[in-house]
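> Structure, please.
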Amino acid sequence: MNDTPNTPQSAAPPAPEQTRTPRIRPQSLEGVAYPKTIKSFVRRAGRVTTGQTKAFAAHGATYLLPYQSSTLDFVAAYAVDERARGSNDSQIRPTILEIGFGMGEATAHIAALLPDINFLGCEVHEPGVGGLLKRIGEQNLHNIRICAHDAVEVIDHMLPLQSLHGVHIFFPDPWHKKKHNKRRLIQSPLIAKLAARLKLGGYIHCATDWQPYAEQILEVLSAEPLLKNSAPAEHPELLGYAPKPHYRPLTKFENRGIQLGHGVWDLVFERV
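The predicted structure follows:
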């Protein structure tokens, strides 16, 4: 039997009261800008490789165009190309805008295939910009310029009416979920802006591997009064889609999809 008297255990000090810091929504903070419109892109994280970093250093000053809120001087922007070609021609050569060029594989291929056409690429993904700069250096391409900025603002402020020969939008993010469809790039307001900036006879070429998006693109382009479908009427089985133009290369991703039985839809509409 234990004769030790029972002594009460000293009570543990009360735990400090937990307080929750209320969450403050960004739009309630005074002086903090909050986006009023949904962006047409999402900045995705990605690692810039050593080769891409070197390409930024070697070629960025020449081939990167800073965003500006005034009209782009096309002649000045591509002057290095004219000097490299030994040309004194100050005339504006045909210019094609590409929105969202990814890693630049198709852009570099087309620019090499069509050296007498200037290309302006808009892309916000830093590794993609670095990837295209690297291809520019490796392939000695002079007819490409890159604006690493939101394409909508570039269109609104830098590109005058009837200034473009063409527009390329290849494999934009399809935003598969129905609730996210509103984030898709190709919507009527953007197409109206692009159509107004095309020269007569210019074109918009879109390509996607997601059939519901292809159907939406066809509907949007068909509804724009400044555009007409270039799909050959003698081939109604194409359902309004165009055969793949010769200049658009098959990417590794696309080839893999074709081998798995996936479809790809090209749409080419001309300015009237």
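
> tell me the contacts of the residue most central in space within the chain?
Closest residue to the average C-alpha location of the chain: Gly100 at 1.8 Å, with C-alpha atoms, centre = their mean. When contacts are counted by C-beta atoms under 8 Å, 6 or more residues apart in numbering, Gly100 touches Phe41, Cys122, Glu123, Ala151, Ile169, Phe170, Pro172, Asp173, Leu185. Quick note: C-beta positions are derived from backbone N, CA and C, even for glycine.

> I figured the third one hits Ile144, correct?
Right, Glu123. No. In this structure, Glu123 is not within contact of Ile144 by C-beta atoms under 8 Å, at 11.4 Å.

> Just the element for Tyr203, please.
Assigned by DSSP states H and E, Tyr203 belongs to strand 198-208.

> which neighbours does that strand have in its sheet, and in what orientation?
When sheet partners are counted by DSSP bridges, strand 198-208 sits next to strand 164-170 (parallel), strand 265-271 (antiparallel).

> just how off-centre is the last one within its chain?
Relative to the mean C-alpha coordinate of its chain, strand 265-271 is positioned 18 Å out (C-alpha atoms, centre = their mean, to the nearest Å).

> what number of residues lie near the closest residue to Ala223 other than its chain neighbours?
Using C-beta to C-beta, 6 or more residues apart in numbering and skipping residues adjacent in sequence, the residue nearest Ala223 is Ser188, 6.5 Å away. By other C-beta atoms under 10 Å, 12 other residues sit near Ser188.

> Ok, the one 5 residues further on next?
Using other C-beta under 10 Å, Lys193 has 15 neighbouring residues.

> How about Pro212?
12.

> Touching, Gly137 and Ala55? I think so.
Yes. At 5.8 Å, Gly137 counts as touching Ala55 under the criterion of C-beta under 8 Å.

> can I get the strands paired with strand 198-208 in a markdown table with mean neighbour count, mean pLDDT and distance to Ala106?
A markdown table is the format used below for the strands paired with strand 198-208 (neighbours: other C-beta atoms under 10 Å; pLDDT from 0 to 100; distance: least, C-beta to C-beta, whole Å):
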| stretch | mean neighbour count | mean pLDDT | distance to Ala106 |
| --- | --- | --- | --- |
| strand 164-170 | 23 | 98 | 6 |
| strand 265-271 | 22 | 97 | 12 |
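
> Dump those strands to JSON lines, plus distance to Ile204.
Shown next, in JSON lines, are the strands paired with strand 198-208 (distance: least, C-beta to C-beta, whole Å):
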{"stretch": "strand 164-170", "distance to Ile204": "5"}
{"stretch": "strand 265-271", "distance to Ile204": "5"}
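
> before we move on, the earlier item: who touches both of Glu123 and Ile144?
Leu132.

> and the strand holding Tyr203, which residues are buried?
Leu198, Gly202, Tyr203, Ile204, His205, Cys206, Ala207, Thr208 (16 or more other C-beta atoms under 10 Å).

> Can I get the following helix or strand past that strand in CSV? Just the C-alpha atoms.
Next helix or strand after strand 198-208 toward the C-terminus (DSSP H and E): helix 211-223. What follows is helix 211-223, C-alpha atoms only, in CSV (Å, rounded to 0.1, in the frame of the first residue of the first chain):
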residue,chain,number,x,y,z
GLN,A,211,-13.5,18.5,-81.6
PRO,A,212,-15.9,20.5,-79.4
TYR,A,213,-13.6,23.4,-79.6
ALA,A,214,-13.3,23.0,-83.4
GLU,A,215,-17.1,23.2,-83.6
GLN,A,216,-17.1,26.4,-81.5
ILE,A,217,-14.3,28.0,-83.6
LEU,A,218,-16.2,27.2,-86.8
GLU,A,219,-19.3,28.8,-85.3
VAL,A,220,-17.5,31.9,-84.2
LEU,A,221,-15.6,32.4,-87.4
SER,A,222,-18.6,31.8,-89.5
ALA,A,223,-20.5,34.5,-87.6
